[in-house]
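Student: Sharing a sequence plus its predicted fold:
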Amino acid sequence: MKKVLILFGGNSSEHYISCKSAKSIIQNIDKKNFKYEIVGISYDNKWYKFNDDLSYLDFHDWLDANVLEIDNIVSYIKNFDVVFPITHGTNGEDGKLQGMLDLFNIKYVGCNTLASSIGMDKVMSKQLFKSLNIPQVPYLMIKEDYKVENILREIDFPLIIKPSNGGSSIGISKASTKKELIKGIKEAKKYDNKVLIEKFIKSRELEIAVLQSKGKIIISSPGEINSANEFYDYDAKYANEKTYTTIPDDLPIEVVNKIKEYASKIFTGLDCKGYARIDFFYDELNNEIYVNEINTIPGFTSISMFPKLMQNEGISFSELITILINNA
Ligand SMILES: Nc1ncnc2c1ncn2[C@@H]1O[C@H](COP(=O)(O)OP(=O)(O)O)[C@@H](O)[C@H]1O
Ligand SMILES: [Mg+2]
């Protein structure tokens, strides 16, 4: 029986979402076929064995549960056949953790160090998408010095501003005026020195799940985000109950095929392993498709898109976890 280590948390702005994803995985992992232990990583990068009521994972307080600090992390992880990192965001999804596991020859679910770090960095991802000839919205990157006039000379309002390294829409804002632009850059800089400015495109948001299974690649049909807010911000993602996701049946077949083709190219081009969710914008009015981003540890909560899209392909949540672990 394979021994699996489920890792969650970490020093990331997406720590909280990671707890929720971990809970769904623990609830759905095939307990007859896998033995598992659960470890939470705190914001100060300490590792704790978690062995308590899963409801602690619903909130920020899992450290108040019955936890035991692990002194020697390396010798501890060597006890497992596979690590399942469900650590969204910085330090867990950006290749650092994956690099550490590689160093000690530990198998893990998902992308390797290089694909993870490129996937986490929106600017680097854009450069990769460009090299693969996948269409993207007009964008530019700024670091320390920038002039509002120079930005506006290249792209005009409305704009969207994002930290290059980030997720869960944290630090992202829309700007329709110079004042909002300056404020947005300041906000994004709280999370990363590299800031991305993009043309805000009114579009439908479509997401594709890609899964490797027995050497083959399964590419799902697109799922759609119907955001409660003007864009899919943190509130719309995790709090606002008016947001819902669907698997639309009104998309032209050419659009579906094109998006799937792009998703496949990106998964292969980035040399992804295991799984990834690749997100697109579809501007219906102008019949344009743009890639937005890749997520190498996609959300895995009970309502997340990735498991939903795989379910639509006939793969249950529990089977999905089994496939991921066996492919590690
Ligand atoms: N260029 C854009 N035009 C319109 N909306 C956008 C654009 N870029 C991002 N968004 C909106 O912001 C959300 C979060 O942006 P995204 O790049 O996906 O960052 P994150 O990694 O935080 O999910 C998207 O789901 C979308 O709703
Ligand atoms: Mg996104």
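Tutor: Thanks, I have the structure now. Numbers count the residues shown, from 1 in each chain. Ligands and ions are numbered 1, 2, ... in the order given.
Student: What spatial separation is found between Gln136 and Thr87?
Tutor: For Gln136, the distance to Thr87 equals 27 Å [Cβ to Cβ, to the nearest Å]. Using the backbone N, CA and C atoms, a C-beta is placed for each residue, glycine as well.
Student: Of the two, which one has the most company?
Tutor: Thr87 (28 against 16; other Cβ atoms under 10 Å).
Student: roughly how far apart are the more buried one and Ala328?
Tutor: From Thr87 to Ala328 the distance is 15 Å (Cβ to Cβ).
Student: how much space between Phe317 and ligand 1?
Tutor: 22 Å (Cβ to the nearest ligand atom, to the nearest Å).
Student: Give me the neighbour count for that residue.
Tutor: Counted with other Cβ under 10 Å, Phe317 comes out at 20.
Student: From what I see, it and Lys308 are in contact.
Tutor: No - in this structure, Phe317 is not within contact of Lys308 by Cβ atoms under 8 Å, at 9.2 Å.
Student: In the stretch 1-150 of the chain, what residue lies closest to ligand 1?
Tutor: The nearest approach of the stretch 1-150 of the chain to ligand 1 comes at Val137, 4.5 Å away (Cβ to the nearest ligand atom).
Student: Surely that residue touches Glu198?
Tutor: Yes - between Val137 and Glu198 there is a contact under Cβ under 8 Å: 5.1 Å.
Student: Please identify which of those two sits among more neighbours.
Tutor: Glu198 (22 against 18).
Student: Thought Leu140 was touching Lys126, still the case?
Tutor: No - in this structure Lys126 lies outside contact range of Leu140 using Cβ under 8 Å: 10.0 Å.
Student: Looking at the two now, which is surrounded by more residues?
Tutor: Just comparing Lys126 and Leu140: by other Cβ under 10 Å the higher neighbour count belongs to Lys126, 21 against 16.
Student: Can you list the helices and strands that whichever strand or helix holds that one packs against?
Tutor: Using DSSP states H and E, Lys126 sits within helix 122-131. Judged by 3 or more Cβ pairs under 8 Å, 6 or more residues apart in numbering; DSSP states H and E, helix 122-131 is in contact with helix 113-120, strand 195-199, helix 253-269, strand 288-295.
Student: what angle separates the third one from helix 113-120?
Tutor: Meaning helix 253-269. If you take axes from the mean of the first three to the mean of the last three Cα atoms, to 10 degrees, helix 253-269 sits at 140 degrees to helix 113-120.
Student: Return the set of buried residues in the helix-or-strand element of the chain with minimal mean pLDDT.
Tutor: Sorting the helices and strands of the chain by mean pLDDT, DSSP states H and E puts helix 234-238 at the bottom, at a mean of 88. By 16 or more other Cβ atoms under 10 Å, the buried positions in helix 234-238 come out as Tyr234, Ala236, Lys237, Tyr238.
Student: Work out the gap between that helix and the centre of the chain.
Tutor: Distance of helix 234-238 from the chain centroid (Cα atoms, centre = their mean, to the nearest Å) equals 14 Å.
Student: same thing with stretch 56-70?
Tutor: Taking the mean of its C-alpha atoms, stretch 56-70 sits 23 Å from the chain's own mean (Cα atoms, centre = their mean).
Student: Quick one: mean pLDDT over it.
Tutor: In this model, stretch 56-70 has a mean pLDDT of 91.
Student: State the three-state secondary structure for Ser24.
Tutor: helix (DSSP: H, G, I helix; E, B strand; the rest coil).
Student: thinking again about what came up before, what are the C-alpha coordinates of the least confident helix or strand of the chain, in PDB please?
Tutor: C-alpha atoms of helix 234-238 as PDB (Å, rounded to 0.1, in the frame of the first residue of the first chain):
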ATOM      1  CA  TYR A 234     -11.300  37.300  -4.200                       C
ATOM      2  CA  ASP A 235     -14.800  38.000  -3.000                       C
ATOM      3  CA  ALA A 236     -16.300  36.500  -6.200                       C
ATOM      4  CA  LYS A 237     -14.100  33.500  -5.900                       C
ATOM      5  CA  TYR A 238     -14.500  32.500  -2.300                       C
END
